[in-house]
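# here is my input, please return the structure:
(chains A and B)
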2 protein chains.
Amino acid sequence: MLYGAIEAGGTKFVCAVSDENLDIKERVSIPTTVPEETMTAVFAFFDQHDVASIGVGSFGPIDVNKKSETYGYITSTPKLAWAHYNFLGALTERYDVPVAWTTDVNAAAYGELKKGAAVGKDSCLYITVGTGIGGGVVIDGKIINGYGHPEVGHILVRKHPEDTYGGACPYHGDCLEGVAAGPSLEQRHGIKGHELGAKHKAWDIEAYYLAQAIMSYTLILSPEMVVMGGGVMKQTQLFPLMRASFEKQMNGYVATPPLEDYIVPCGLGDNAGITGCLLLAIEEVN
Amino acid sequence: MLYGAIEAGGTKFVCAVSDENLDIKERVSIPTTVPEETMTAVFAFFDQHDVASIGVGSFGPIDVNKKSETYGYITSTPKLAWAHYNFLGALTERYDVPVAWTTDVNAAAYGELKKGAAVGKDSCLYITVGTGIGGGVVIDGKIINGYGHPEVGHILVRKHPEDTYGGACPYHGDCLEGVAAGPSLEQRHGIKGHELGAKHKAWDIEAYYLAQAIMSYTLILSPEMVVMGGGVMKQTQLFPLMRASFEKQMNGYVATPPLEDYIVPCGLGDNAGITGCLLLAIEEVN
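All right, here's what the predicted structure looks like:
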């Protein structure tokens, strides 16, 4: 039996087909342009494979509310060609198989819980810090499901006392994503993040914001682990800085696992999302 | 069959016994003093009733992690006589029945979901704003369960531009609880909250903080409803102010139900907690 997966990101779609052991038979990467073009390539890939189900983790915001008339749509994305696109409908119209539908970051959280850094846990939060900040949440072994899906990158944060940068979020200005996603590093300091050098005070500011957010996530969700991925997290000097800042801001109020085991890098790297999508596809029919 | 419940609050314990339809047969209120005294009264109550199970919703922080050696304990509470008290152990030693164990606010959230304002939903957040700020979370019909339990009152918030009050939280100074729980109203304005009058600008500041917190809760949990109780929420003028401030701060980024149906007063009033405890007791053995 073969299973399909689509990790639909804002810059590229990764499509894959695997067996029930996640052994990937074929995989392809497709640029995210406009639905007509990108989905034509997606269909060309899956038309060649007889899959029992498909798991989709999509960039968003998306509608994950099964009670909603627009369940399965991409909703108010700034990528205008995809706004209000019936992604799930396009798939189920072409393929008569069950399709699991969630966000790219929820899929990554699920992948990390089952096969990555959080193996053995029942709950984890996955955060990606790249051109934006997003997060997925698994509690009691399941992706959380409420009115919509988490958008943890847009919580409001207190400004770092030395930070005068106004923030880049078109909705909220200096929300977390506005002051801590990749583009804010370049705009604040005038140099690209990866050229700043590991000792630059930019990382103290970055760690302060991320730790403040992790404090909120901890107080609200109480996950067993916070797994962090995305381009900015390749700056590994951030991990000790975030843990120290978290400890200072939380001030011992709630118990967490030891911080080296709590705030951790992702285990699957760039494969977290597609792994989660495959797992969701397999579980959809098993 | 009879079922027992203990809503263990910081000022009083409510104990009750009901049948499977939540028809309460007897109920008693006991002051929260020291464990020896309070628990003696609790035992005196339950010794008279042959209950099949007990549901406990306790003030906290408490240990709800079944993998922990101190599962069932009250942990680092500022009520020092109760710190590190093995509450669950004391109950199970005396009564050979299953005991459900969660926080008072989780129990209230569960009560509101099953019998109160959130009937028909699968998820809700319950927030109480009184001498402190706490919250309980139900997702997919279940109290969320991670490393610990939510402590949503202690997230850090941005200060209101006109607020110079330093905050009252012994751990975090001006976290949400520090600037928006009942005592902060009196300390900021020099008058008790309920004497301020409904038009006082204190309520704009209060609504700003609560709305900011609800924005974070929404972005992280995406519940179907936010149910609010506690003494401060008896100031019903806060509801329209909170909804307006939420709308302004969120700026349309994620979809929610219409705000009049999303940010709502509790449906069970002071009975939310004990109702939730009874439901948990009944489900423990059915």
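
# A:Ala81 - that's part of a helix, no?
Yes: under DSSP: H, G, I helix; E, B strand; the rest coil, A:Ala81 sits within a helix.

# from memory it sits against A:Pro35, does it?
Yes: here A:Ala81 lies in contact with A:Pro35, judged by Cβ atoms under 8 Å, at a distance of 6.3 Å. Backbone N, C-alpha and C define where each C-beta goes, glycine included.

# more neighbours, those two?
A:Pro35 (17 against 14; other Cβ atoms under 10 Å in any protein chain shown).

# what residues does A:His149 make contact with?
By Cβ atoms under 8 Å, 6 or more residues apart in numbering or on different chains, the contact set of A:His149 is A:60-62, A:64, A:102-103, A:106, B:222.

# helix or strand: which one has it?
For A:His149, there is no enclosing helix or strand under DSSP states H and E.

# so what does it look like in phi/psi?
Note on A:His149: its backbone torsions stand at phi -120, psi 160 [degrees, to the nearest 10].

# from the contacts of A:His149, which is closest to B:Pro257?
B:Ser222 (10.9 Å; Cβ to Cβ).

# give me every residue that touches A:Pro61.
With Cβ under 8 Å, 6+ apart, A:Pro61 has these contacts: A:74-77, A:148-149, A:151, B:253-255.

# what's the farthest-apart pair in these?
A:Ile74 and B:Tyr253 (14.8 Å).

# settle it for me: which of the two has more neighbours?
A:Ile74 (23 against 18).

# just grab the bridge partners of the more buried one for me.
A:Ile62 (DSSP bridges).

# circling back to that earlier point, name the member of the contacts of A:Pro61 with the most neighbours.
Busiest of the contacts of A:Pro61 [other Cβ under 10 Å] is A:His149, holding 26 neighbours.

# quick one, what contacts A:Ala118?
Counted by Cβ under 8 Å, 6+ apart, A:Ala118 has contacts A:112, A:124, A:138, A:224-225, A:227, A:267.

# show me what contacts the closest residue to it other than its chain neighbours?
Leaving aside its sequence neighbours, A:Ala118 sits nearest to A:Cys124 (Cβ to Cβ, 6 or more residues apart in numbering or on different chains; 3.9 Å). For A:Cys124, the contacting residues are A:109, A:112-113, A:117-118, A:137-138, A:223-227, by Cβ under 8 Å, 6+ apart.

# where do the helices sit along chain A?
Along chain A, counting by DSSP state H, helices occupy A:35-46, A:87-94, A:104-115, A:176-180, A:182-189, A:202-221, A:238-250, A:259-262, A:272-284.

# can you point out the buried residues in the fourth one?
It refers to helix A:176-180. A:176-180 (16 or more other Cβ atoms under 10 Å in any protein chain shown).

# and if you look at the last one?
By neighbour count on 16+ other Cβ under 10 Å, the buried set for helix A:272-284 is A:272-282, A:284.

# what residues does it touch?
Contacts of helix A:272-284 (Cβ under 8 Å, 6+ apart): A:3-7, A:9, A:14, A:16, A:18, A:20, A:22, A:24, A:27, A:51-57, A:98-100, A:102, A:104-112, A:114-116, A:126, A:229, A:266, A:268.

# give me the buried subset of these.
A:3-7, A:9, A:14, A:16, A:18, A:22, A:51-57, A:99-100, A:102, A:104-112, A:114-116, A:126, A:229, A:266, A:268.

# quick one: low-confidence parts of the stretch 151-286 of chain A?
The stretch 151-286 of chain A contains no residues with pLDDT under 70.

# right, and chain B sits closest to which residue of it?
A:Ser222 (3.9 Å; Cβ to the nearest Cβ).

# my guess is A:Ile74 contacts A:Gly89, does it?
No: if you go by Cβ under 8 Å, A:Ile74 and A:Gly89 don't touch, sitting 11.0 Å apart.

# need the contact list for A:Ile220.
Taking Cβ under 8 Å, 6+ apart, one finds B:137, B:150, B:152, B:155, B:216-217, B:220-221 in contact with A:Ile220.

# before we move on, what about A:His84?
Contacts of A:His84 (Cβ under 8 Å, 6+ apart): A:70, A:73-75.

# tell me the domain ranges of chain A?
Here the domain parsing of chain A from automatic domain parsing is A:2-103+A:270-284, A:117-266.

# gap between the first one and the chain center?
Right, domain A:2-103+A:270-284. 14 Å (Cα atoms, centre = their mean, to the nearest Å).

# also stretch A:265-285?
The answer for stretch A:265-285 is 11 Å, by Cα atoms, centre = their mean.

# check stretch A:176-188 too.
Using Cα atoms, centre = their mean, the offset of stretch A:176-188 from its chain centre is 17 Å.

# ditto for stretch A:215-235
11 Å.

# report the buried residues of it.
A:215-230, A:232-233, A:235.

# for the stretch 51-200 of chain A, what lies in contact range of chain B?
Residues of the stretch 51-200 of chain A that fall close to chain B, judged by Cβ under 8 Å from any Cβ of the partner chain: A:61, A:63, A:75-76, A:122-123, A:137, A:139-140, A:142, A:144-158, A:171-172.

# how many neighbours does A:Pro31 have?
10.

# check the gap between the most centrally placed residue in chain A and chain B for me.
Centroid-nearest residue in chain A, with Cα atoms, centre = their mean: A:Val105, separated by 2.4 Å. From A:Val105 over to chain B the distance is 12 Å, taken as Cβ to the nearest Cβ, to the nearest Å.

# before we move on, what about A:Gly55?
Applying Cβ to the nearest Cβ to A:Gly55 and chain B gives a distance of 19 Å.

# per-residue confidence at that residue?
Note on A:Gly55: pLDDT of 98.

# who does it bridge with?
A:Ala5, A:Ala100.

# list the contacts of it.
A:3-6, A:99-100, A:107, A:276-282, A:284.

# from those, which single one is nearest A:Arg243?
A:Gly276 (25.5 Å).

# average pLDDT for stretch A:10-28?
97.

# end-to-end on that stretch?
Its start and end residues considered, stretch A:10-28 measures 16 Å (Cα to Cα, to the nearest Å).

# what does it contact?
A:1-7, A:29-32, A:38, A:41-42, A:45-46, A:48-49, A:51, A:59, A:79, A:115, A:131-132, A:273-275, A:277-279, A:282, A:286.

# A:Phe87: how many residues sit nearby?
Quick note: A:Phe87 (other Cβ under 10 Å) scores 22 neighbours.

# for A:Asp261, which non-adjacent residue is closest in space?
A:Met225 is the one closest to A:Asp261 (Cβ to Cβ, 6+ apart), at 7.3 Å.

# ok, the one you found to A:Phe239 distance?
13 Å (Cβ to Cβ, to the nearest Å).

# what residues does the residue nearest to the residue of the stretch 151-286 of chain A closest to chain B when sequence neighbours are not counted make contact with?
What sits nearest to A:Ser222 in space, not counting adjacent residues and going by Cβ to Cβ, 6+ apart, is B:Gly146, at 3.9 Å. Neighbour list for B:Gly146: A:122-123, A:139, A:221-224 [criterion: Cβ under 8 Å, 6+ apart].

# and what of A:Val129?
So A:Val129 contacts A:180-182, A:210, A:228-233 (Cβ under 8 Å, 6+ apart).

# what do you get if the cut-off is 6 Å, keeping everything else the same?
By Cβ atoms under 6 Å, 6 or more residues apart in numbering or on different chains, the contact list for A:Val129 reads A:230, A:232-233.
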